[in-house]
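Asker: just need the structure, nothing else, for what follows:
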Amino acid sequence: MTLEKSSNQNSILNSTSSFFDVPNGEVIATDQSPSIFSSLSEENQKNALYLASTINTDNYNAVLQFGVEAQHNLKHFTNNLLIQVQRNDTSPIREVLFRLMEQLEKIDPDALVENNKGFFSKLFNRSKTTIQEQISHYKRLSVQIDRLSIQLLHAQKGLLSDINMLEELYRLNEEYYHNINVYIAAGQLKKQDMMSNQLPKLQNEAIEQNDMISKQKLNDFLQAIEWLDKRIYDLQISREIAIQSAPQIRLIQQTNRMLVEKIQSSVLTTIPLWQTQISMLVNINNQRRINMAGQRLMDVSDDMIRKNAKMIETTARDSKRHKSISHADIDNFKQTQLQLIESIEETLRVQAESNVQHAEIEAKMESLSKNK
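Answerer: Next up, the predicted model:
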């Protein structure tokens, strides 16, 4: 049932002469109305007054159906929220992060240090194919990490979409909350009118006439008040669902935003830096390997070098300028890799907390749905 009054409804409202009349578009004084009524907007106060004037307390079914449509809308919303909580599964993000960790653990930064017992010093004593295989291995890892980064970016877009969907659900929840408040206020206004204006008259009639008819009218009226009171209570229970749903929605949104920020600022920002540094280390190794090959060629061609001392001096000077992998390079790379791993571990922690929160929220929403 919509709360907007049609022109026909307005004419009905203006034609009534009761506690619920709104002369000149003004609302009744707040000291004459229940507290929830005074908290409504002016438009909703008018809606509540109109709804109160339409309640037929002589008809049990009419009282029972009062506000049912608002409750059905809220129930439909709760079901949608439960579906959203269930589909807001961050497990795929966890799987991608675990695969990313596995790829990172395959790389040992210390193995890139060039020394007598180092990785490349041993490789240089092996065949050229083995060296190329190792370089290809790093390239393959980089490609795999690129693919995982794309998956994380896709997951991030999904999280942002969920945040927007939850924002729409939050707006609807707020709308249903205000609507059901109007029905509660209308019921309270009707009850107040019955208690203050109609009940004293029936009580006086029962005392003055002292017959079964007047007494039965009084009993029927008291029964109607009880029906209405129970209906108001049911509506208040439904409103509690809307009240509890609001923080649940915000909690899911907050968790999703934390995951988005972790992916954006930590993982996706650090991965390019990590790839840049490992590319630099591989390039330095390639330069060093070329330089060593040239040095070996110089040793074999000793006779030629002696015939051209000037060329030897120039070549040696150029050779010294070739950069080799230093401990500082490795330290920088290790620091970047450590930062990346810590970022992934932190994101995994947030994701794990998200799973726990989602399970708790899902259980609460299912419980609320059953108790409605």
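
Asker: okay, CA-based contacts and neighbour counts for the rest of this
Answerer: Will do.

Asker: any idea of the mean pLDDT in the helix or strand hosting residue 222?
Answerer: Residue 222 belongs to helix 212-261 when assigned by DSSP states H and E. Predicted confidence along helix 212-261 averages 90 (mean pLDDT).

Asker: and the angle for the next helix-or-strand element following that helix with helix 212-261?
Answerer: Per DSSP H and E, the first helix or strand lying C-terminal to helix 212-261 is helix 268-300. Calculated by axes from the mean of the first three to the mean of the last three CA atoms, to 10 degrees, helix 268-300 forms an angle of 20 degrees with helix 212-261.

Asker: ranges for the helices of the protein?
Answerer: Ranges of helices within the chain are 7-15, 35-38, 42-54, 60-65, 68-87, 91-105, 119-123, 128-193, 199-209, 212-261, 268-300, 302-307, 309-321, 327-371, based on DSSP state H.

Asker: point out where the stretch 1-150 of the chain drops to low pLDDT.
Answerer: 1-35, 88-89, 108-135 (pLDDT under 70).

Asker: go again using 80 as the cut-off
Answerer: 1-35, 82, 84-92, 94, 100-101, 103-139, 141 (pLDDT under 80).

Asker: among the helices of the chain, show me which one is buried the most.
Answerer: helix 42-54 (a mean of 21; mean count of other CA atoms under 10 Å).

Asker: quick one, that helix and helix 128-193 angle?
Answerer: Using the same axes, to 10 degrees: helix 42-54 against helix 128-193 is 50 degrees.

Asker: what helices or strands is helix 42-54 leaning on?
Answerer: Where contact means 3 or more CA pairs under 8 Å, 6 or more residues apart in numbering; DSSP states H and E, helix 42-54 is packed against helix 35-38, helix 128-193.

Asker: these: which one's closest to residue 255?
Answerer: Taking CA to CA, helix 128-193 is the member of the helices and strands packed on helix 42-54 nearest to residue 255, at 9.7 Å.

Asker: residue 63 and residue 187: what is the separation?
Answerer: As judged by CA to CA, to the nearest Å, residue 63 and residue 187 stand 9 Å apart.

Asker: list the residues that contact both of the two?
Answerer: 228, 231 (CA atoms under 8 Å, 6 or more residues apart in numbering).

Asker: okay, residue 140 and residue 227: tell me how far apart.
Answerer: Counting by CA to CA, the gap from residue 140 to residue 227 is 74 Å.

Asker: residue 261 too?
Answerer: Counting by CA to CA, the gap from residue 261 to residue 227 is 52 Å.

Asker: next one: residue 192
Answerer: 14 Å.

Asker: check residue 172 too.
Answerer: 29 Å.

Asker: residue 218 against residue 204, yeah?
Answerer: No: applying CA atoms under 8 Å, one finds residue 218 not in contact with residue 204, separated by 9.7 Å.
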